[in-house]
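**Q** Task: produce atomic coordinates for the following.
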Amino acid sequence: KGDREQTSNTTTKDNVAGFAMAEFYAGKSTFKAGYRIETVSYRYKSTTKDLNQNDDLRGMELGYNYAFDNEKSIFVNYSHSYQAPNIDKFFNFGGTFNGFINPMKSNNYNLGFNYFTPSNKLKVALYYIDLEDEIYFYKDVFPNSKNTNIDKSHKYGLDIYDKVIFSNEFNAVLNYNYVKAIIDDETENGDNFAGKELPGVSNHSIKATLNYMPTKQYTFSLTQEYRSEAYAANDFNNNFSQKQDAYRSTDIAVTYAKDNYEFFAKINNLFNQANGIWIRDDAIYPVNFTTTATAGMKLRF
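**A** As a prediction, the model looks like this:
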């Protein structure tokens, strides 16, 4: 549920949902099935308009896992998912109502392999995602910029997760993701984006962490994060002279956890990397662009 009130109009969102999930076991095989149903209703009311949009959404998941032994298994998974837009997506930066937009829907396919031992936990997965009405921001001359839908698009890639346990004190975690995001069908203001890559999506992302735990309470972590260059956020034609620079950050952290409380301290971007988000040529928003330090406490009840 959500509400947005302005001087001359009110926009509301009401939704109700239910879901069920079940797992079945048969020898070395595991089957999983799930289903979700949701109804979302929007209403925009002003002095001159009274508009409604109602969406009946369905989600589902089917999965299968086969264990060769206690260490190795393969899995396949299919899911149909959706994302209903929030109310703010119906307005431009000037507060003008641009109209309702469609919920995003996707068909997701995964094929993977697990290899778990006491000293190594490895998971590798290939994925393909077929999307309809992906929500994005179309940048145009003010006030024509708006949130709208990409008619059709797809993504495919590879996920690798590996945790190596060297001893009770040391372990290392590596996450790698490769993704290719392609627009299949979308035209705005006479521009046909079919066949172009989705802006702002890095093809390669890597995060590596080394953890040192001298006692059960203390954890010291050193993390290196990298994302490769991408097309600038507004470059839907893939023809700007400047691309989004690669992102780099080296972080260190220490935590002390005992019972129901935790103390933590962290230094982000230790080497002062000049990171930013490219919107267009020579238009850059600084993001994690300098060294920062944080400290705090968490208390769990």
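**Q** what about residue 153, how many neighbours?
**A** As a burial measure, residue 153 scores 25 neighbours (other Cβ atoms under 10 Å). Using the backbone N, CA and C atoms, a C-beta is placed for each residue, glycine as well.
**Q** can you tell me how far it sits from residue 89?
**A** Residue 153 sits 17 Å away from residue 89, going by Cβ to Cβ, to the nearest Å.
**Q** got it, and residue 198?
**A** For residue 198, the distance to residue 89 equals 17 Å [Cβ to Cβ].
**Q** So between these two, which is more surrounded?
**A** Taking neighbours as other Cβ under 10 Å, residue 198 and residue 89 compare with residue 198 leading, 24 against 17.
**Q** I'd assumed residue 186 was in contact with that one.
**A** No: look at residue 198 against residue 186 with Cβ atoms under 8 Å: they stay out of range, at 9.9 Å.
**Q** Please identify every residue contacting each of these two.
**A** Shared contacts of residue 198 and residue 186, defined by Cβ atoms under 8 Å, 6 or more residues apart in numbering, are found at 150, 153.
**Q** what are the ranges of the strands in the stretch 1-150 of the chain?
**A** For the stretch 1-150 of the chain, strands defined by DSSP state E, counting those that start in this stretch occupy the ranges 2-5, 9-26, 29-46, 50-67, 72-83, 104-117, 120-138, 146-165.
**Q** Enumerate every residue touching the nearest residue to residue 83 once chain neighbours are set aside.
**A** For residue 83, ignoring the flanking residues on the chain, the nearest one in space by Cβ to Cβ, 6 or more residues apart in numbering is residue 104 at 4.4 Å. By Cβ under 8 Å, 6+ apart, the residues touching residue 104 are 82-83, 85, 131-135, 149.
**Q** what comes into contact with stretch 114-125?
**A** Identification of contacts with stretch 114-125 by Cβ under 8 Å, 6+ apart yields 71-75, 110-113, 158-166.
**Q** swap in stretch 30-43?
**A** For stretch 30-43, the surrounding residues in contact (Cβ under 8 Å, 6+ apart) are 11-25, 50-67, 82, 84, 87, 90, 100, 103.
**Q** Pull out the buried residues from those.
**A** 11-13, 53, 55, 57, 59, 61, 63, 65, 82, 84, 90, 100, 103 (16 or more other Cβ atoms under 10 Å).
**Q** Among the residues you listed, which one sits closest to residue 241?
**A** Distance to residue 241, by Cβ to Cβ, is smallest for residue 90 among the buried ones among the contacts of stretch 30-43, at 33.4 Å.
**Q** so that closest one sits right up against residue 84, yeah?
**A** No: look at residue 90 against residue 84 with Cβ under 8 Å: they stay out of range, at 11.9 Å.
**Q** What distance do you get for residue 43 to residue 2?
**A** Applying Cβ to Cβ, the value for residue 43 to residue 2 is 11 Å.
**Q** Need the overlap of contacts for the two.
**A** With Cβ under 8 Å, 6+ apart as the test, residue 43 and residue 2 both reach residue 12.
**Q** Below-threshold pLDDT in the chain: ranges please.
**A** Counting by pLDDT under 70, the ranges of the chain that qualify are 142-143.
**Q** With residue 135 as the reference, measure out to residue 254.
**A** 39 Å.
**Q** I'd say residue 65 and residue 111 touch.
**A** No: Residue 65 is beyond contact range of residue 111, at 11.6 Å (criterion: Cβ under 8 Å).
**Q** Common neighbours of those two, please.
**A** Common neighbours of residue 65 and residue 111 (Cβ under 8 Å, 6+ apart) are 74-75.
**Q** Tell me the secondary structure at the residue lying closest to residue 285 once chain neighbours are set aside.
**A** Excluding the flanking residues, the one nearest residue 285 by Cβ to Cβ, 6+ apart is residue 277, at 4.6 Å. Secondary structure assignment for residue 277 (DSSP: H, G, I helix; E, B strand; the rest coil): strand.
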